[in-house]
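Peer 1: okay, sequence plus prediction incoming.
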Amino acid sequence: MKKSGFTLIEMLVSVGLFAIVMLMVSSAYLIVIASDRQAQAVGNATNDLAFALDIMSRSIRTGTNYECNGSTNDCLATPGSTFSFTDAGGCSVSYTLLNNQILETVGSQPGCTALTNAPLTDSTVSVNSLNFYAQGMANTGAGDYRQPQVVITISGTVAAGPGKTVKFTIETGASMRVLDI
């Protein structure tokens, strides 16, 4: 009578092959998980930046009395790192970069909710550069024949997992809604 079954060698070879295949599959699975985490981090940071830009551009569009680095002169040749204006409610608002975050400051005029250096960006977003290019600001009001326009550029890095960062540069524009020509 013949006994059926596997020999010890056959069993060791099959377990070894199974271990190699499982190692390859699990490493591919871990790579997919890491890529998904990185994509989610970049997506969250992109949404955060889009939100900050939307707040800034919406306020700038409805504002008046633009100032770039404290001056009412155009700042096309030398971009400003601080932009101030009076919003639609009559509150003074300024945007600036401090400690790698975009900050909003609202004045304490009557009817305004005073904010000092309220961050518009999350800590996972590190903003290295915030520039405002503005034109049509001098003598803001009818008669200067130029509609005020502001272009905002932001560049920096986004944390995309442990020890990983992704660089970004983003730009948007806004022009005063009230006809100023």
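Peer 2: Nice, thanks for sending it over.

Peer 1: how about the secondary structure of T121?
Peer 2: coil (DSSP: H, G, I helix; E, B strand; the rest coil).

Peer 1: T46 is in contact with that one, correct?
Peer 2: No: counting by C-beta atoms under 8 Å, T121 stays clear of T46, with 11.5 Å between them. Quick note: C-beta positions are derived from backbone N, CA and C, even for glycine.

Peer 1: of these two, who's got more company?
Peer 2: T121 (22 against 15; other C-beta atoms under 10 Å).

Peer 1: how close does that one get to N44?
Peer 2: Remark: distance between T121 and N44 (C-beta to C-beta, to the nearest Å) = 12 Å.

Peer 1: could you do I33 as well?
Peer 2: In terms of C-beta to C-beta, I33 sits 17 Å off from N44.

Peer 1: shared neighbours of T121 and T46, anything?
Peer 2: Here T121 and T46 share no contacting residue, scored by C-beta atoms under 8 Å, 6 or more residues apart in numbering.

Peer 1: I would like the residues contacting the helix or strand encompassing S155, please.
Peer 2: Taking DSSP states H and E as the definition, S155 sits inside strand 149-159. If you take C-beta under 8 Å, 6+ apart as the criterion, strand 149-159 is touched by 41-42, 45-46, 49, 53, 56-57, 60, 66, 79, 83, 100, 102, 124-136, 165-176.
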